[in-house]
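Colleague: Got a predicted model here, sequence first, then my questions.
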Amino acid sequence: MGAPRLYRTGDLVRQAAGGEIEFLGRIDTQVKIRGFRVELGEIESALIECPGVRGAAVALREDQPGVQQLVGYVVPRDGVAELDLEAIWPGLRARLPGYMVPAMLEVLAELPTMPSGKVDRKRLPVPSGRAVETKGKGRPPHTELETAFADVWGRLFAPLPVSVEDDFFLDLGGHSLVAARMVSELRKDPRLAGLSMLDVYEHPTIEGLAAKYEKQAGAGAPDGRAGAPEFVQPSSVKHFFCGLAQFISLYVVLGLFALQWLAPYLTYTWLIDDEYETSQAILGALGILVGLYPVMLLLAIAAKWIIIGRYKPGGVSVVGDVLFPVVAGERDRGHGAGGLSRGDAAVEPLLPADGGEGRAERPSRQ
C-alpha cells in the first residue's frame, strides 16, 4: 500500500473525541441547488460586471420550507441613484446557466463585512421582494383556473412574484418535493382532482396547466376521465359478501404458499416411514420442492385465465368488478366500476381517442 492521500474537498469538519468526523459546512462558497454545485463567486463576478454595480454578494436562502433560492445583493456605484435592474437580468441570463441566475435581487447601500473585510453572508438581510418585480413583466392570470394555480404557486414561492408564463423548475426553482406539495394543495379543488406530477413536468407553466384542464372541461371531462361511470354507493350487504369472499380466498392463497413447506416435509416423512434411506428421503423432498414451484406458477396463470381472462385497457376496478362480481351490483346494467370507487385498483383509461377514451370496459376473455 502506498502513502495515504489527502484531498482538498473544501469541506469544513472537526474530529470528535470518539474519532467521528463532523461536517460543519464549506470553506469556500460552493453550494448545491437543484442537483447542481454552484460557485457563488462566479455569480458575484457576473453581477459586478453589470452596469452600475460596485459590489455584489450571492447567498442561497430557504425562506420558504423546501424552496431554495439564490438571492443576489448588489451595491450601486457612487453617483448611481437607482440601479436599472431590468438591464441586469438579460446580462446574467446571457452569461450564466438558468440554475445559476439569482431568483431575486436586493439593492443594499453596503454589504455587511467581517473584521477581515470579507462579506459576512450570515448578516445578509432577508430579501424584501421589491427588486424581483422588475425581473420580468409576465402576463398575470386571467381565467379562474389560472388564478387558482397562481394563488398556490404564489404561496409556495413567496416573496417571489409569479407569472403565468414562469417555468415551475427553470424560472422559480421548484423541484419534485415542492411539486408534490403543489399538486396535493390543488387537488382540493374539484376541477383539479385529476392533477398529477406528470402534468407538472409536461406543462411546467400556469398557462400550460390551466389550458390543459380548461380544454378538458370544455370537452366535458374536467378530471380527464370522459365517460367514466358515475359512482354508486354499494350497500352494506355487498360489502359483507365482498369481505366474506376475500376471507375465504385468503385460505386458498395461504394454503398454496404453505405447500412449499408442507410438501417436502410430508414427502420426507412418508419415505422414512416406508423405510427408505435417509439420503433417498432427502432427495425425494428436494425433488418435490423443485417441481412444486412450476406447478404453483401454472396454477396461478390458470386461475387468472379462468377468473379474469385477457386484460384489456379500461377504467374498471379489477378486484371489485371481475374477481368478486357480487360487489358490482350494477354490472349487468353496464356500470363498469360497480359499487367501488375509482381508487380501488382501478385501471386507468388507456383507450385511443377514436375508440372512446376513458370509457369503462371489462377485460375480455379473448
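Modeller: Sure, I can see it.

Colleague: from here on, contacts and neighbour counts on C-alpha atoms
Modeller: Will do.

Colleague: Any buried residues in the longest strand that the chain contains, and which?
Modeller: Longest strand in the chain, counting residues (DSSP state E): strand 53-64. Buried residues in strand 53-64, counted by 16 or more other C-alpha atoms under 10 Å: Val53, Arg54, Gly55, Ala56, Ala57, Val58, Ala59, Leu60.

Colleague: Now distance to Tyr213 too, for those residues, in CSV please.
Modeller: Converted to CSV, the buried residues of strand 53-64 look like this (distance: C-alpha to C-alpha, whole Å):
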residue, distance to Tyr213
Val53, 44
Arg54, 47
Gly55, 46
Ala56, 43
Ala57, 42
Val58, 39
Ala59, 38
Leu60, 35
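
Colleague: sorry, back to before: which strands and helices lie in contact with the longest strand of the chain?
Modeller: Applying 3 or more C-alpha pairs under 8 Å, 6 or more residues apart in numbering; DSSP states H and E, we find strand 53-64 packed against helix 40-48, strand 67-76.

Colleague: what's the closest of the ones you listed to Trp89?
Modeller: Proximity to Trp89 (C-alpha to C-alpha) singles out helix 40-48 among these, at 9.5 Å.

Colleague: Other residues contacting the closest one?
Modeller: Contacts with helix 40-48, where a contact means C-alpha atoms under 8 Å, 6 or more residues apart in numbering, come from 29-31, 53-59, 72, 74, 88, 92, 95-96, 100-101.

Colleague: again, only this time at 7 Å
Modeller: Thr29, Gln30, Arg54, Gly55, Ala56, Ala57, Val58, Leu92, Met100 (C-alpha atoms under 7 Å, 6 or more residues apart in numbering).

Colleague: and that helix with strand 67-76, angle?
Modeller: Helix 40-48 runs at 40 degrees relative to strand 67-76, counting by axes from the mean of the first three to the mean of the last three C-alpha atoms, to 10 degrees.

Colleague: Now do the contacts for Leu6.
Modeller: Counted by C-alpha under 7 Å, 6+ apart, Leu6 has zero contacts.

Colleague: sorry, back to before: nearest to Lys304, of the contacts of helix 40-48?
Modeller: The closest of the contacts of helix 40-48, once distances to Lys304 are taken by C-alpha to C-alpha, is Met100, at 54.1 Å.

Colleague: Please, where are all the strands along the stretch 1-150 of the chain?
Modeller: Under the criterion DSSP state E, counting those that start in this stretch, the stretch 1-150 of the chain carries strands at the ranges 11-15, 21-26, 30-33, 36-39, 53-64, 67-76, 104-107.

Colleague: Most tightly packed of the helices and strands packed on strand 53-64?
Modeller: Compared across these, strand 67-76 shows the largest average neighbour count, a mean of 22 (mean count of other C-alpha atoms under 10 Å).

Colleague: That one pairs with which strands?
Modeller: Here strand 67-76 is paired, per DSSP bridges, with strand 53-64 (antiparallel), strand 104-107 (parallel).

Colleague: quick one: Phe169 and His175 touch, right?
Modeller: Yes: between Phe169 and His175 there is a contact at 6.2 Å, judged by C-alpha atoms under 7 Å.

Colleague: how many neighbours does Trp270 have?
Modeller: Other residues lying near Trp270 total 14 when counted by other C-alpha atoms under 10 Å.

Colleague: looking at it, Ala285 is touching Tyr268, isn't it?
Modeller: Yes: Ala285 is within contact range of Tyr268, at 5.3 Å (criterion: C-alpha under 7 Å).

Colleague: Average pLDDT for the longest strand of the chain, rounded please.
Modeller: Across strand 53-64, the average pLDDT comes to 88.

Colleague: now that strand, how far from the centre of its chain.
Modeller: 29 Å (C-alpha atoms, centre = their mean, to the nearest Å).

Colleague: What of stretch 158-170?
Modeller: Stretch 158-170 sits 19 Å away from the centroid of its parent chain (C-alpha atoms, centre = their mean).

Colleague: end-to-end on that stretch?
Modeller: Counting by C-alpha to C-alpha, to the nearest Å, you get 16 Å between the two ends of stretch 158-170.

Colleague: Can you mark which positions in it are buried?
Modeller: Pro159, Leu160, Pro161, Val162, Ser163, Val164, Glu165, Asp166, Asp167, Phe168, Phe169.

Colleague: Now distance to Asp199 too, for the strands of the stretch 1-150 of the chain, in JSON lines please.
Modeller: Shown next, in JSON lines, are the strands of the stretch 1-150 of the chain (distance: least, C-alpha to C-alpha, whole Å):
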{"stretch": "strand 11-15", "distance to Asp199": "39"}
{"stretch": "strand 21-26", "distance to Asp199": "37"}
{"stretch": "strand 30-33", "distance to Asp199": "23"}
{"stretch": "strand 36-39", "distance to Asp199": "24"}
{"stretch": "strand 53-64", "distance to Asp199": "23"}
{"stretch": "strand 67-76", "distance to Asp199": "20"}
{"stretch": "strand 104-107", "distance to Asp199": "27"}
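
Colleague: Comparing those strands by mean pLDDT, which bottoms out?
Modeller: Among those, strand 21-26 carries the lowest mean pLDDT, a mean of 72.

Colleague: State the number of residues packed around Gly194.
Modeller: Using other C-alpha under 10 Å: Gly194 sits among 16 other residues.

Colleague: Could you confirm it falls within a strand?
Modeller: No: going by DSSP: H, G, I helix; E, B strand; the rest coil, the assignment for Gly194 is coil, not a strand.
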